[in-house]
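> sequence and predicted structure, then a few things I'm wondering about:
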Amino acid sequence: MPIFLDSISIDPKSIKVNLTTGTGVDIEWKDGHLSHYSFRFLRDACPCALCDEEREKAGRKPWQAPKTVPEALPMFKPAMKPLTAEGVGKYAIKFGWNDGHALGIYSWKFLREVCVCEECKAAREQQ
């Protein structure tokens, strides 16, 4: 768990889930930090036990994209997008994905930990 979260806000000020446009989720945190998460990124970073185990076997962190095999032919993948999005209490959001997956509960703390902005990437690399 990243240490840098101890000094920053993990509570959102505003959340925009762009289901219609398919552009992802935008969160403004109470400390003024802005995060954008593409739907592809969120699906790849799903925090459910099943996805977490698959990532662990592959040796990747939630904020890292899956590795492709160099000699493999690129396969067409339909755009990943949620069909539904709903709040879970005051601490998280949950998606029902177009691939049928709906197990992950994305807590605000998790989303702040996996923020992919340059500032957060640099903070993770310093640890």
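Now that the structure is in, tell me what you want to look at. Residues are numbered from 1 along each chain as shown.
> could you measure from the residue nearest to residue 65 when sequence neighbours are not counted over to residue 89?
The shortest distance from residue 65 to any non-neighbouring residue, by Cβ to Cβ, 6 or more residues apart in numbering, is to residue 44 (6.1 Å). C-beta coordinates here come from the backbone N, C-alpha and C atoms, glycine included. Using Cβ to Cβ, to the nearest Å, residue 44 is found at 24 Å from residue 89.
> over to residue 65?
Counting by Cβ to Cβ, the gap from residue 65 to residue 89 is 29 Å.
> quick one: which of the two has more around it?
Taking other Cβ atoms under 10 Å, residue 65 and residue 89 do not tie; residue 65 has more neighbours (11 against 7).
> and the lengthiest helix in the chain, what's its mean pLDDT?
Secondary structure assigned by DSSP state H gives helix 49-58 as the longest helix of the chain. The average pLDDT within helix 49-58 is 93.
> what's the following helix or strand after it?
Per DSSP states H and E, helix 49-58 leads on to strand 82-88 as the next helix or strand towards the C-terminus.
> may I see the buried residues of that next one?
82, 85 (16 or more other Cβ atoms under 10 Å).
> partners of it, with directions?
strand 92-97 (antiparallel) (DSSP bridges).
> which residues sit against the strand it pairs with?
With contacts defined as Cβ atoms under 8 Å, 6 or more residues apart in numbering, strand 92-97 is touched by 15, 17, 25, 42-43, 80-88, 102, 104-108, 110-111.
> for residue 25, list each beta-bridge partner.
Counting by DSSP bridges, the residues bridging with residue 25 are residue 17, residue 37.
> residue contacts, the residue lying closest to residue 66 once chain neighbours are set aside?
Nearest residue to residue 66, sequence neighbours excluded (Cβ to Cβ, 6+ apart): residue 44, at 6.1 Å. Contacts for residue 44 (Cβ under 8 Å, 6+ apart) come out as 62, 65, 66.
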